[in-house]
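Trainee: All I have is the shape, not the residue letters:
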């Protein structure tokens with residue numbers, strides 16, 4: 001059950017990672033579009049130099065904010081991926097321990113069957129020897 005829960009968690013985290021990667025791609029496209037608009041605006045602008053510089057600074061500031069957001073999302077993805085890998089490793093250790101325990105129990109069962117068989121044969125021989 002723990003392995004299934006871990007697998008489900010891993011699948012959910014993978015879906016989250018893919019969604020975040022799509023967001024990052026969208027943000028990169030937005031930045032690219034903003035740069036294009038800035039260049040187009042630069043060539044067609046009739047504003048004074050001060051207005052142009054203010055707008056250019058604003059666009060750069062927004063681009064910087066977007067890059068910070070992207071960076072934070074990347075760090076979040078990395079930490080979630082690390083947690084997922086650690087959970088998987090723990091589940092694999094538990095699975096290995098459970099498999100080892102199952103092997104031990106099988107050996108004990110076989111030994112018990114063998115002893116039971118010997119006891120049964122011994123009882124049968126005693127019963128037949130009395131008659």
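Mentor: Noted; the coordinates are in hand. It should be emphasised that the depicted structure is a prediction, and the values quoted were computed from it without experimental measurement. Numbers count the residues shown, from 1 in each chain.
Trainee: So what's the model's average confidence on the biggest helix by length in the chain?
Mentor: Identified as the longest helix of the chain according to DSSP state H is helix 49-130. What helix 49-130 shows for mean pLDDT is 85.
Trainee: quick check, distance from it to the centre of its chain.
Mentor: With C-alpha atoms, centre = their mean, to the nearest Å as the basis, helix 49-130 stands 10 Å off its chain's centre.
Trainee: Counting by contacts, list what it packs against.
Mentor: helix 2-44 (3 or more C-beta pairs under 8 Å, 6 or more residues apart in numbering; DSSP states H and E). C-beta: built from backbone N, CA, C; applies to glycine.
Trainee: what angle separates the helix it packs on from helix 49-130?
Mentor: 170 degrees (axes from the mean of the first three to the mean of the last three C-alpha atoms, to 10 degrees).
Trainee: I appreciate the help and will end here.
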